[in-house]
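> any chance you can model this:
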Amino acid sequence: MSAVPRPNTGLRPFLDRHDAGRRLAAVLGKYRGRVDLLVLGIPRGGVPVAFEVAQRLGAPLDVIVVRKLGVPFQPELAMGAIASRGVRVLNETVVREIGIPSRLIDQVAAREMKELERREVVYRGERSPLDTAGRSILLVDDGLATGSSMRAAILALRQLEAKEVIVVVPVGPRETCAEMAALADGFVCLLQPAVFSGVGEWYDDFGPTSDDEVRELLERSRPRAGE
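Alright, predicted model coming up:
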């Protein structure tokens, strides 16, 4: 894994997630130097983007783990999401139209909670999450689709008493962007296309981000002795 900049091929607006993060950081200059600032990436794909933002703004980096709740017989369709500290967000429209019973939602949520807890241990090891209370949060992902994961993360941060939550993404459909802008205290999105079929279509390289890469980026962002 390397974050060394490479030239954009021009096939897509963003070369990869690191490139997207650098482009976002370029429009976030007003946050540089704020002592209350904390950058949170949504794993896995949001962490390389958040890493570049945090590095260029001189801010600490951490993660907030969110898991999509997929419809049991159509897992790519999100019926909601869960986040750390027991937050659950449901897409009531999907649940109602498909007629998903509560017991199935609970089963999916329990399974995803196990994975959420596993990831938190893998990413941080024995380190505790950085305190979000009273801080300004730049909440970063590699893009928006339905917004379920981002919505869960915002609500989790409200419960954790963040001072303000600013959603920061490279790309997202206009309708979802409008929803997130209304829910958050601030919103930054570089591209809001009228026609949108998926986040990956806006990247040259949208390969999966591994647990090892997330852990490495968090380790690289930690202050060293004397800093």
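
> all the helices of this structure, in order from the start?
17-25, 46-57, 92-98, 102-124, 148-159, 174-183, 211-221 (DSSP state H).

> which strand runs longest in this structure?
Using DSSP state E to define each element, the chain has its longest strand at strand 74-83.

> what lies in contact with that one?
If you take Cβ atoms under 8 Å, 6 or more residues apart in numbering as the criterion, strand 74-83 is touched by 64-71, 88-91, 94-95, 98, 100, 105, 108-109, 112-113, 116, 146, 148-149, 151-153, 155-156. Any C-beta I mention is one placed from the backbone N, CA and C, and that applies to glycine too.

> and the residues you listed, which are buried?
Listed as buried from these are 64-71, 88-91, 94-95, 100, 105, 108-109, 112, 116, 146, 148-149, 151-153, 155-156; burial here means 16 or more other Cβ atoms under 10 Å.

> contacts only, for the residue nearest the centre of the chain.
Computing the C-alpha centroid of the chain and ranking residues by Cα atoms, centre = their mean puts Ile42 first, at 2.7 Å. Counting by Cβ under 8 Å, 6+ apart, Ile42 makes contact with 50, 63-66, 139-141, 149-150, 153.

> output the residues you listed as a markdown table; include the columns pLDDT and distance to Gly200.
Formatted as a markdown table, these follow (pLDDT from 0 to 100; distance: Cβ to Cβ, whole Å):
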| residue | pLDDT | distance to Gly200 |
| --- | --- | --- |
| Ala50 | 98 | 18 |
| Val63 | 95 | 21 |
| Ile64 | 94 | 22 |
| Val65 | 92 | 21 |
| Val66 | 88 | 18 |
| Leu139 | 98 | 20 |
| Val140 | 98 | 17 |
| Asp141 | 98 | 13 |
| Ser149 | 86 | 15 |
| Met150 | 91 | 17 |
| Ala153 | 92 | 20 |
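
> what is the nearest of those residues to Leu160?
Ile64 (8.9 Å; Cβ to Cβ).

> which ones are touching Pro193?
Here Pro193 is in contact with 171, 173-174, 202 (Cβ under 8 Å, 6+ apart).

> again, only using 10 Å
By Cβ atoms under 10 Å, 6 or more residues apart in numbering, the residues touching Pro193 are 13, 171-174, 177, 201-202.

> what of Gly147?
Taking Cβ under 10 Å, 6+ apart, we find Gly147 in contact with 78, 81, 89, 91, 141, 154, 167, 169, 172-173, 175-180, 183.
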